[in-house]
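K.L.:
Need a 3D model of the sequence below.
(one chain, ligands or ions: 1)
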Amino acid sequence: MDFKQIISHCKEYGFIFQSSEIYDGLSAAYDYGPNGVELKNNIKAYWWKSMVQMHQNIVGLDSAILMHPKTWKASGHVDAFNDPLVDNKDSKKRYRADVLIEDYMAKIEGKINKDVEKAKKKFDNFDEKMFRETNGRVKERQDKIDAIAKRLGKAMTDGNMEDLKAQIEEYEIACPDSGSKNWTDVRQFNLMFSTQLGNVAGSEGKIYLRPETAQGIFVNFLNVQKSTRKKLPFGIAQIGKAFRNEIVARQFIFRMREFEQMEMQFFIEPGTEMKWFEYWKNTRLNWHKAIGTPDNKLRFHDHDNLAHYANAATDIEFEFPFGFKELEGIHSRTDFDLKSHQELSGKKLQYFDPVKNENYVPYVLETSIGVDRMFLSQLSNALQVETVPDADGNESTRTVLKLHPSIAPVKCAILPLVKNKEELTKAAKDVFDKLKFSFNCQYDEKDAIGRRYRRQDAIGTPFCITIDFETLEDNTVTIRDRDSLQQERISIEDLKSKVFEKTDMSSLF
Ligand code: GAP
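P.N.:
Numbering: from 1, shown residues only. As a prediction, the model looks like this:
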């Protein structure tokens, strides 16, 4: 399904709405509807269980969004959490300079792909790899992309705004809105949202909405370690909102100004970070695979240009409808954060190692994933249009959301065969009341049964349970499987275990 169809499906079926839509919306802010909030909560539960419940040495935390402003000085966010911004003087539109250059590279890539497609049609036994390596025009374009990527990477790492402007001019990049090439200089734009404390006037009272949840973990490192008596290696996990004043906020919930993160800081002995880096890379990749994300839609992207605090970093990228993009980051953050907080606060953030009989500042291995990006990855992977036989054996199409049953918003729908027979609706409501303590169920009596099945398919409900006249005689129901479409007649007594077997999350661990 293309991206536009995914977005409209999200709205039509109550997964995601634009924030403040009646006022024409607020860009890059979204609300999760009745089905969206269930899916989101299930994703968070999957992460929380796999991190906290499954690891003796990982504990949870829920720290405040508002923190002392010095936190962000120590973490480097006040000085270095910037994006390069450029305005077009004619259209008055604002862009990220690096994104303009990346889009320019994507255009060249598009031309290469066109050449490849043309050649594919022309030659039998077409060898794409060989074609890319030997075709003069394709090679020249690929070399150009590589050179631009290298220069862009260096300008970004060095914070060289002049070179970014020079590149925009050299490549003759035009404003996508107006076509004008009349650009301002490129300047740094801090991505943190600031606000004011009620009881402190002026700059003293300036505080920030956290741009990452991680710092709440760092500043609580000793509180947690002492109160839980954890020994290294141990981790602290947290799920919570983060805020970034993104200049280019697009691609739906992929890049938002208010979003949610699931982060885990794993505190380790210095010198062991590469071992743990590999461990968490594998563990996190397997977490994605276990929920059903196909291998070919996931890949690692190791960072060449490392952030100031990291000595190794990789992204787990997912193939979103707009290409492979970062879904999760795994960073070896050294002792940068704890040491910076120690210096600025004047409070020791050290661990006493009883084996070595010495104090030191631990190193940190971080795993960080956006809830919203995980949501988008699951939804875009699961949403399909299929041809299936209808009740009369004819072919018909259905839109089905093949989410892993454990994260589906609704686990089973309870459907009386017809709505105006009180015996049936009463029996169906009794089944609903029996199952509602164990699962999120939906009772639906409107429209013909086929249409009700389709509605449940579209929101990913693994089971539809139909109550018919036979039910009244022998306490059995039909249960329809979303994926196989098989219908089975089973006793009401067996429903709970049947639904549980397929939707229980523990099968994923
Ligand atoms: N503590 C490390 C950190 O925040 P990051 O790579 O900036 O690292 C981690 O962010 C994850 O948070 C990303 O992999 C992505 O899933 C999510 N994320 C970051 N910015 C986002 C945004 N503007 N909208 C939605 N998700 C975002």
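K.L.:
what about the longest helix in this structure?
P.N.:
In the chain, taking DSSP state H as the definition, the longest helix is helix 97-122.
K.L.:
after it comes which helix or strand?
P.N.:
helix 128-134 (DSSP states H and E).
K.L.:
what's next to the next helix or strand after that next one, contact-wise?
P.N.:
Next helix or strand after helix 128-134 toward the C-terminus (DSSP H and E): helix 136-158. For helix 136-158, contacts defined as C-beta atoms under 8 Å, 6 or more residues apart in numbering pick out 84, 98, 101-102, 104-105, 108-109, 111-112, 115-116, 131-133, 160, 163-164, 167, 171, 304-305. In short, each C-beta sits where N, CA and C put it, glycine included.
K.L.:
Dihedrals phi and psi, the residue lying closest to W276 once chain neighbours are set aside?
P.N.:
Spatial nearest neighbour of W276, excluding adjacent residues (C-beta to C-beta, 6 or more residues apart in numbering): L365 at 4.5 Å. Per-residue torsions, L365: phi -110, psi 120 (degrees, to the nearest 10).
K.L.:
L365 and T283 touch, don't they?
P.N.:
No: between L365 and T283 there is no contact under C-beta atoms under 8 Å: 10.7 Å.
K.L.:
The two: which has the busier surroundings?
P.N.:
L365 (27 against 15; other C-beta atoms under 10 Å).
K.L.:
and the protein, which residues reach the ligand?
P.N.:
When proximity is defined as C-beta under 6 Å from any ligand atom, the chain approaches the ligand at 212, 214, 244, 246, 255-256, 259, 261, 263, 326-329, 366, 368-370, 372-373.
K.L.:
Out of the residues you listed, which sit inside helices?
P.N.:
Checking the residues of the chain next to the ligand against DSSP H, those in helices are 214, 372-373.
K.L.:
returning to that earlier point: quick check on the contacts of helix 136-158: which are buried?
P.N.:
84, 98, 101, 104-105, 108, 112, 131-132, 160, 163-164, 167, 171 (16 or more other C-beta atoms under 10 Å).
K.L.:
Distance-wise, check the most centrally placed residue in the chain relative to S27.
P.N.:
Centroid check for the chain by C-alpha atoms, centre = their mean gives R373 as the closest residue, at 1.9 Å. With distances taken as C-beta to C-beta, to the nearest Å, R373 is found 18 Å from S27.
K.L.:
before we move on, the earlier item: now do the longest helix of the chain, average pLDDT.
P.N.:
What helix 97-122 shows for mean pLDDT is 92.
K.L.:
packing partners for that helix?
P.N.:
strand 82-87, helix 128-134, helix 136-158, helix 161-170 (3 or more C-beta pairs under 8 Å, 6 or more residues apart in numbering; DSSP states H and E).
K.L.:
from the chain's centre, how far out does that helix sit?
P.N.:
26 Å (C-alpha atoms, centre = their mean, to the nearest Å).
K.L.:
helix/strand/coil for the spatially closest residue to G216 that is not a sequence neighbour?
P.N.:
Nearest non-adjacent residue to G216, counting by C-beta to C-beta, 6+ apart: S63, 2.9 Å away. Secondary structure, DSSP: H, G, I helix; E, B strand; the rest coil: S63 is coil.
K.L.:
quick one, what contacts S63?
P.N.:
213, 216-217, 219-220, 238, 240.
K.L.:
For E128, give me the pLDDT.
P.N.:
87.
K.L.:
How many residues are close by it?
P.N.:
E128 has 10 neighbouring residues, counting by other C-beta under 10 Å.
K.L.:
cool, D302 as well?
P.N.:
D302 has 11 nearby residues by other C-beta under 10 Å.
K.L.:
per-residue pLDDT, A391?
P.N.:
For A391, pLDDT reads 69.
K.L.:
thinking again about what came up before, of the helices and strands packed on helix 97-122, give the one that comes closest to R333.
P.N.:
Nearest of the helices and strands packed on helix 97-122 to R333, taken as C-beta to C-beta: helix 136-158 at 17.4 Å.
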